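Undergrad: Provided below are the primary sequence and the corresponding predicted coordinates.
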Amino acid sequence: MAADRVANYEAELEAFVLHTMSKAYNSTSAPRLVLVSPIAYEDHSKTRDLPNGEKENANLALYSAAMQRVAKKFNLTFIDLFTPTKEHYASAKKPFTSNGFLPTDEGYQQLAAILADGLYGKSKRASKADPKLVHGAVKQKDWFWNNDYHILNGVHTHGRRYNPFGPQNYQDEVKKTREMAALRDELIYRVANGKTTKLSVDDSKTHPLPAVPTNYRASNSNGSVDYLYGKDALAKLTVPEGYKIELFASEKEFPNLANPMQLSFDNKGRLWVATMPTYPHYRPGDALPNDKILIYEDTNNDGKADKEIVFADKLHLPIGLEFAPEGVYISEEPNLVLLRDTNGDDKADVREIVLGGFDSHDTHHAISAYCADPSGAFLMGEGIFLHSNVETPYGAVRGIDGGFWRYSPQRGMLERTAQVSIPNPWGIAFDRWGQDFFLHTSGPTMNWMMPSSVKPKYGRQTPLTADLIPQGQHVRPTSGLEIVSSRHFPDEVQGDLLLCNNIGFLGIKQHSIQDDGTGYKTAARHNLLQSSDGNFRPVDLEFAPDGSLYVIDWHNVLIGHMQHNARDPLRDHVHGRVYRITYPSRPLVKPPVIHKAPIATLLENLKLHEDRARYRTRRELRARPAAQVIPALKAWVAKLDRNDPNYEHHVLEALYVTWGLNKVDLDLLKQVSESKDFRARAAAVRVIRYNYHVIPNHAEMLEKAATDPEGRVRLEAIVAASWLDNAAGKKIAAAAATKPVDGWIDGALKTTTDRLAGVAEAVVEENPLPPAPGHLTDAEKKQFFAGHEVYHRDAHCATCHQKDGNGLPPAFPPLAKSPWVTEDTDRLIKLTLHGLMGPFELHGKKYDGNVPMTPFGGMLNDEEVAAVLTYVRNAYGNKASAVQPEQVKKVREATKDRKSFFMVDELLKEHPMK
């Protein structure tokens, strides 16, 4: 919102009015149109680090006046909320908003009176009904109306993923939802007119929902309908020699532990788990969502949970969870929500919407997998084909497709940290020095985030750096990323990366990671955990205070958001497990005292080896008064032993504490920025990046970092420069360009330089078209190009067979030079329509066939199947005839009654290899 854009806004508003008033939505007359101004911005700057509202209110006044002019011109009702709220702020004893622009419940109540007077005049209230009853009825309708207007999983109910399963149920569900909303509209009138004091509604005569058939076919990816429990389930899990795995909790002992999604340990050492049996999303007619945040304790130290607390219930898909001094932040699409326990009884008694506008188009692509950085700000992943538009105290922040958000509770600030080519990230982790890494999840790769966190430009993707997964170790889909930092685990594995995978390979991959110049190199260590139970679905993991590793098991016979109908009767909403991995020959770590510990104790905790111990300690320190922490911190730093090999890291931890308190200490910052350890210097640049507004000489410090001898420090400075968006940023980037540029730096430097210079960025084609083979006719070449698009669609061919057509052994075979692709056309069409399962050998490698090929018959029409098969038969070094839609149609008709995968032996019997 800018002063120089008011005229443009006014013209667009006039066009909107003219368009709207030309319509007869009720088929008889034009609608009544009311223009309502925004409220004034409330100044919270005396108690929180938020804008004071002077600039915002100057702009809001201009836009409100423009709205009033348009209303007058077209003789419309205009309700001015700006003037009365601004006047109210001057005398109010309580805050009207939670963050400057978002009203509190009391604020909304006051706005309701202004809106009612504006709509109906200041006539007396006609209804004598209890306002609380009326409000209860309105909230009921509001829930169902929103479940239609802003339905979760809209991409499946109305969008590009409607087929193949949407026609089975979603038209009926939408109809039922609207009927249920209409009944609650009638309830409002009955309550308001004194005809009832009950809020119950009879939905029995609303539209019935049809039974949905399962598309379950026995396979390793689908698991088994016969669930295993206790020792039987444990027997299917294997760990390397020296390690031990035990069951900590399951749905048998704790029925609430259904579909666990994320876990974390609090400062008391208790395990918190977010569960979501409502997944994929609420079905109309069922009981309202009742997903939960649960707390588990092992009160007798036997390694098993014996106490459960329900911290919060009646939630809907809490796929993100992070602690802060003020409460627990969760995802509840389309909102970022804060749950507060105000009386210390371990029950959330306040639910506050912090920010809204995050896209909920797909419930497993939405903001998720929260992970806090060293300051306590937390990152949130977001997947492809989402379009989020979030209003914040600093203005609107927008994101499109895959990327990451960062929310700083201390400043109430949201940023689109990275916008990259990524399908659906479900794993973020920070190492000992504050460097961040992330999983692609739907894709098999893992990347270093910092080089790609150049300030995003809407609609443009920032380049990614090299994939960090070792060759031959790619698996998908991954979920959950953790770094080994526990003295209970062997010395040689410290710093290793751990990632969960839940189709095909079911378990935890472990890779070593080392500094390699500017960036990193990795090597496969071993499989820390592997299961032969197809229902085992590890989705998150975290080291506990005692140094053991906890992993949660979603545990489901079916997995895959688009691979099965959302209402498939075999989707499980009951099971869930938590496992604990130890290394018995080494002692457990003595859990540090964190909760309510003296500041002196907490400062000593910053020396601990365990990343998670320091992470939780910094969180505790953020809850303490800065006036008490900072003097003690400075005294602690002054007494540190400069000969300690970890001295540089201890000082960095002290700097992080001041950052977390939103009071960066400039002396500590200077000291760390001049550290002998380049990793500390790089971390100091990250602190400058997020605090340049309070660092007077930030440009000078960044320019110095841009010419640092170490590439990682220079790269941090380049990324920081992109966020300055001014002449200083250009100067910093130019300074970095005078130093060596390697493959880790190149993309960030070019992107930063171009964006700061305002260079128009060409749309980088993520999957550029290859030249069409010369032997194809013009019509077949069009098919080839159309097939290229189908092949690279989200969750289609490239997801498993990869963009280069070389597959991911041992689960996903290559298409390059494959007789399965280039020989018998009917055989290829059959396996594409109905899927393929079973072991086989190709190019001397064995493929276990446990993960079947997805049947695309319900997702692609004849033209699309013909196109994609024409493409794969003539790409990746292949050369074969094109496939025609008529051929696909013929095979589809001949196999229309088939309900299961083709087995390899069966298909080869029908169509032998040449």
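TA: That came through fine. Numbering: from 1, shown residues only.

Undergrad: all strands of the stretch 201-350 of the chain, in order?
TA: When assigned using DSSP state E, counting those that start in this stretch, the strands of the stretch 201-350 of the chain occupy the ranges 237-238, 244-250, 260-265, 271-275, 291-297, 307-315, 321-324, 327-332, 335-340, 350-356.

Undergrad: make CSV out of these and add mean neighbour count.
TA: In this view, the C-beta of every residue, glycine as well, is placed from N, C-alpha and C. CSV is the format used below for the strands of the stretch 201-350 of the chain (neighbours: other C-beta atoms under 10 Å):
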stretch, mean neighbour count
strand 237-238, 18
strand 244-250, 19
strand 260-265, 24
strand 271-275, 25
strand 291-297, 21
strand 307-315, 16
strand 321-324, 21
strand 327-332, 24
strand 335-340, 20
strand 350-356, 17
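
Undergrad: dump these into TSV; add mean pLDDT and distance to F856 as well.
TA: Output for the strands of the stretch 201-350 of the chain, formatted as TSV (pLDDT from 0 to 100; distance: least, C-beta to C-beta, whole Å):
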stretch	mean pLDDT	distance to F856
strand 237-238	98	33
strand 244-250	99	36
strand 260-265	98	28
strand 271-275	99	33
strand 291-297	99	32
strand 307-315	99	35
strand 321-324	98	35
strand 327-332	98	31
strand 335-340	98	35
strand 350-356	97	36
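
Undergrad: could you dump these to a markdown table with distance to Y394?
TA: Compiled in a markdown table, the strands of the stretch 201-350 of the chain are given as follows (distance: least, C-beta to C-beta, whole Å):
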| stretch | distance to Y394 |
| --- | --- |
| strand 237-238 | 47 |
| strand 244-250 | 41 |
| strand 260-265 | 28 |
| strand 271-275 | 28 |
| strand 291-297 | 29 |
| strand 307-315 | 28 |
| strand 321-324 | 19 |
| strand 327-332 | 18 |
| strand 335-340 | 15 |
| strand 350-356 | 11 |
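
Undergrad: select, out of these, the one closest to G838.
TA: Of all the strands of the stretch 201-350 of the chain, strand 237-238 sits nearest to G838, with 23.9 Å by C-beta to C-beta.

Undergrad: closest to D496 out of the strands of the stretch 201-350 of the chain?
TA: Closest approach to D496 among the strands of the stretch 201-350 of the chain (C-beta to C-beta): strand 244-250, 17.2 Å.

Undergrad: show the contacting residues for G729.
TA: Residues in contact with G729 (C-beta atoms under 8 Å, 6 or more residues apart in numbering) are 721-723, 752, 756.

Undergrad: which residues in the stretch 801-914 of the chain form helices?
TA: Secondary structure of the stretch 801-914 of the chain (DSSP state H, counting those that start in this stretch): helices at 819-822, 825-834, 862-872, 885-894, 904-910.

Undergrad: need those helices in CSV (columns: distance to H573 and mean neighbour count).
TA: CSV is the format used below for those (distance: least, C-beta to C-beta, whole Å; neighbours: other C-beta atoms under 10 Å):
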stretch, distance to H573, mean neighbour count
helix 819-822, 37, 20
helix 825-834, 28, 22
helix 862-872, 33, 24
helix 885-894, 34, 16
helix 904-910, 33, 15
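
Undergrad: kindly reformat the ones you listed as CSV containing mean pLDDT.
TA: Shown next, in CSV, are the helices of the stretch 801-914 of the chain (pLDDT from 0 to 100):
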stretch, mean pLDDT
helix 819-822, 96
helix 825-834, 96
helix 862-872, 97
helix 885-894, 97
helix 904-910, 94
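
Undergrad: could I get those as JSON lines with distance to F784?
TA: Converted to JSON lines, the helices of the stretch 801-914 of the chain look like this (distance: least, C-beta to C-beta, whole Å):
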{"stretch": "helix 819-822", "distance to F784": "14"}
{"stretch": "helix 825-834", "distance to F784": "15"}
{"stretch": "helix 862-872", "distance to F784": "5"}
{"stretch": "helix 885-894", "distance to F784": "14"}
{"stretch": "helix 904-910", "distance to F784": "25"}
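
Undergrad: D794 touches P423, doesn't it?
TA: Yes - with contact defined as C-beta atoms under 8 Å, D794 counts as touching P423 (5.9 Å).

Undergrad: what sits in contact with each of the two?
TA: 384, 442.

Undergrad: contact partners for G327?
TA: Taking C-beta under 8 Å, 6+ apart as the contact definition, G327 lies against 338-341, 348, 350.

Undergrad: and for A66?
TA: Taking C-beta under 8 Å, 6+ apart, we find A66 in contact with 6, 9-10, 13.

Undergrad: helix, strand or coil for A137?
TA: helix (DSSP: H, G, I helix; E, B strand; the rest coil).

Undergrad: against L355, how distant is it?
TA: 28 Å (C-beta to C-beta, to the nearest Å).

Undergrad: rewinding a little: of the contacts of G327, which is the nearest to L506?
TA: The closest of the contacts of G327 to L506 turns out to be L339 (C-beta to C-beta; 32.1 Å).

Undergrad: list the contacts of the closest one.
TA: Counting by C-beta under 8 Å, 6+ apart, L339 touches 293, 311-312, 327-330, 348, 350-352.

Undergrad: swap the cut-off to 6 Å and go again
TA: Residues near L339 by C-beta atoms under 6 Å, 6 or more residues apart in numbering: 312, 327-328, 348, 351.

Undergrad: same question, R178
TA: D148.

Undergrad: remind me which helix or strand E173 belongs to.
TA: According to DSSP states H and E, E173 maps onto helix 166-192.

Undergrad: in that helix, which residues are buried?
TA: Within helix 166-192, the residues that count as buried by 16 or more other C-beta atoms under 10 Å are 166, 168-170, 172-174, 176-178, 180-181, 183-184, 187-188, 191-192.

Undergrad: returning to what we had before: ok, which of the strands of the stretch 201-350 of the chain comes nearest K231?
TA: For K231, the closest of those is strand 244-250, at 8.6 Å, according to C-beta to C-beta.

Undergrad: which residues does the closest one contact?
TA: 234, 237, 239, 257, 296, 303-305, 577-582, 584.

Undergrad: buried subset of those, written for ChimeraX?
TA: In ChimeraX, this line selects whichever of those come out buried by 16+ other C-beta under 10 Å:
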select :234,237,239,257,296,304,305,577,578,579,580,581,582
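
Undergrad: which two among the contacts of strand 244-250 are spaced furthest apart?
TA: So, these by C-beta to C-beta: farthest apart are L257 and P584, at 25.6 Å.

Undergrad: tell me the contacts of G356?
TA: G356 neighbours (C-beta under 6 Å, 6+ apart): 334-335.

Undergrad: that one bridge partners, please.
TA: Per DSSP bridges, the residues bridged to G356 are N335.

Undergrad: isn't Y41 right next to G53, touching?
TA: Yes - the criterion here is C-beta atoms under 6 Å, and Y41 meets it with G53 at 3.7 Å.

Undergrad: have a look at the two and say which one is more surrounded.
TA: More neighbours surround Y41 than the other of Y41 and G53, with 26 against 20 (other C-beta atoms under 10 Å).

Undergrad: where's the more buried one relative to L35, distance?
TA: Distance from Y41 to L35, by C-beta to C-beta: 19 Å.

Undergrad: same check, this time on A71
TA: Using C-beta to C-beta, A71 is found at 5 Å from L35.

Undergrad: list the residues that contact both of those two?
TA: In contact with both A71 and L35: F78, using C-beta under 6 Å, 6+ apart.

Undergrad: so what touches stretch 630-644?
TA: Against stretch 630-644 from outside (C-beta under 6 Å, 6+ apart): 599, 603, 647, 650, 654, 657.

Undergrad: run through the bridge partners of D516.
TA: Assessed by DSSP bridges, D516 has beta-bridge partners G519.
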